[in-house]
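K.L.:
Turn this into a model:
(one chain, ligands or ions: 1)
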Amino acid sequence: MAVPLMQAVRVGSYVVKKHLAGVKRYPLVLMLEPLFRCNLACAGCGKIDYPAPILNQRLSVQECLDAADECGAPIVAVAGGEPLLHKEMPEIIRGLLAKKKYVYLCTNALLLEKKMEDYAPSPYFSWDVHLDGDAQMHDASVCQDGVYDRAVAAIKKAKERGFRVSINCTVFDGADPKRLADFFDRVMAMGVDGIMTAPGYAYERAPDQEHFLNRQKTKQLFRDVFRYGKGKKWKFTQSPLFLNFLAGNENYHCTPWGKPLRNVFGWQKPCYLLGEGYAKTFRELMDDTAWEQYGTGNYEKCADCMVHSGYESTAVADAMKRPLHLIKVALTGPQTEGPMAPEISLANQRPAEYNYSKHVDSRMQELAVKKAATRKPANSPAAADAAD
Ligand code: SF4
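P.N.:
Numbers count the residues shown, from 1 in each chain. You can find the predicted model right below:
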């Protein structure tokens, strides 16, 4: 199994309890971004585009643990930026594990060998290493030669030390299905515990805007990849129904509250991928977000999205409603032949809004006010002492 049995049971019982209690919206995975700073500048990501004072911001250990308590999701995915650049990351992870959260620490692995000693293997903890394909594909994706080899060396070392390791593979337009399938074979041969895969979301700040997949291409690409995988024992950390959705066989609508994001701005509205606004608390995020304004068919920026942030939770909820369908897909794998499920109409979607500068300007002003408030007045006794 790509996830430990205990994790599957605990997450399953959490979902069942929410359904029985009639809770309409609940989180499945807390996405935690304690910093935006990264040691890579990938073509498909716009995070390091923030001004330096924002890149220098960190969520504290307490803020991270409070976010886990507020949200209550059984799984926490720690992402960024590069989380291993955060000096207090070992303490954050220990705190989350003490709360019995299942933690995925997402990393590009450049610092993994150096920092591995600060962490201990646990059934609750998994490294989630970013690998977008074989050496040539991945190094092109992260815009730096040699990153694949370093990541693979770190994965091998982590497995030798007894850690759970999954890989996180984002797929872009132009990917060769056979090559991707060969990569999945290779990853399984490395002893990796599971693969998480999804099409790249077209971040508006990403330097490369030409290689994001639209939904039709995404579905065809995943069908082609999964066809090569028939009869093989690829292990995915994602629900079988989400994989079936990627292959064009499910007519799912987005449930963005399933994977809420807490970062240095606050709780991001509406999802991990889109920063349209920020709430101060998790409750405010859940209660005050106009959820009906988002998702494919509702909003232009969501038109091509098939990412797990929005659709994995839909697949999990569907599994509750159609358990026999889940069992069938789990046994036979995603369907790779026949007509695809109808696509969501984009006729009534509202146009995109561009809020990036507004949020950045407002945060920069807040930081400037904070800095001025902590600066000592020139003629204060403290300043005079300092001058002595
Ligand atoms: S479809 Fe859902 S997950 Fe995707 S960008 Fe829109 S709100 Fe976010």
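
K.L.:
The helix or strand harbouring residue 221 near the ligand at all?
P.N.:
Following DSSP states H and E, one finds residue 221 within helix 215-229. No. For helix 215-229, no contact with the ligand is found by C-beta under 6 Å from any ligand atom; the gap never falls below 10.3 Å. Placement of C-beta: from N, CA and C, glycine included.

K.L.:
Beyond that helix, next helix or strand please.
P.N.:
Next element after helix 215-229 (DSSP H and E): helix 240-246.

K.L.:
List the contacts of that next one.
P.N.:
197-199, 218-219, 222, 226, 236, 250, 252, 306, 308, 311-312, 314-316, 318-319, 325-326, 329-330, 333-335 (C-beta atoms under 8 Å, 6 or more residues apart in numbering).

K.L.:
Of those, select the buried ones using a PyMOL command.
P.N.:
Of these, the buried ones can be selected in PyMOL as follows, counting by 16 or more other C-beta atoms under 10 Å:
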select buried, resi 197+198+199+218+219+222+226+236+250+252+306+308+311+312+314+315+316+318+319+326+329+333+334+335
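
K.L.:
So which of the contacts of helix 240-246 belong to helices?
P.N.:
Among these, DSSP state H puts 218-219, 222, 226, 308, 311-312, 314-316, 318-319, 325-326, 329-330 in helices.

K.L.:
list the helices and strands the top helix by length along the chain packs on?
P.N.:
Counting by DSSP H, the longest helix found in the chain is helix 356-374. When contacts are defined as 3 or more C-beta pairs under 8 Å, 6 or more residues apart in numbering; DSSP states H and E, helix 356-374 sits against helix 52-55, strand 275-279.

K.L.:
can you tell me the residue of the stretch 101-250 of the chain closest to the ligand?
P.N.:
As assessed by C-beta to the nearest ligand atom, the ligand sits closest to residue 201 within the stretch 101-250 of the chain, at 6.2 Å.

K.L.:
pLDDT at that residue, what is it?
P.N.:
Note on residue 201: pLDDT of 84.

K.L.:
swap in the one 4 residues further on?
P.N.:
For residue 205, the pLDDT comes out at 77.

K.L.:
what's around it, how many residues?
P.N.:
Residue 205 has 13 neighbours, counted by other C-beta atoms under 10 Å.

K.L.:
Might you report the residue contacts of it?
P.N.:
46, 47, 49, 356 are the contacts of residue 205 under C-beta under 8 Å, 6+ apart.
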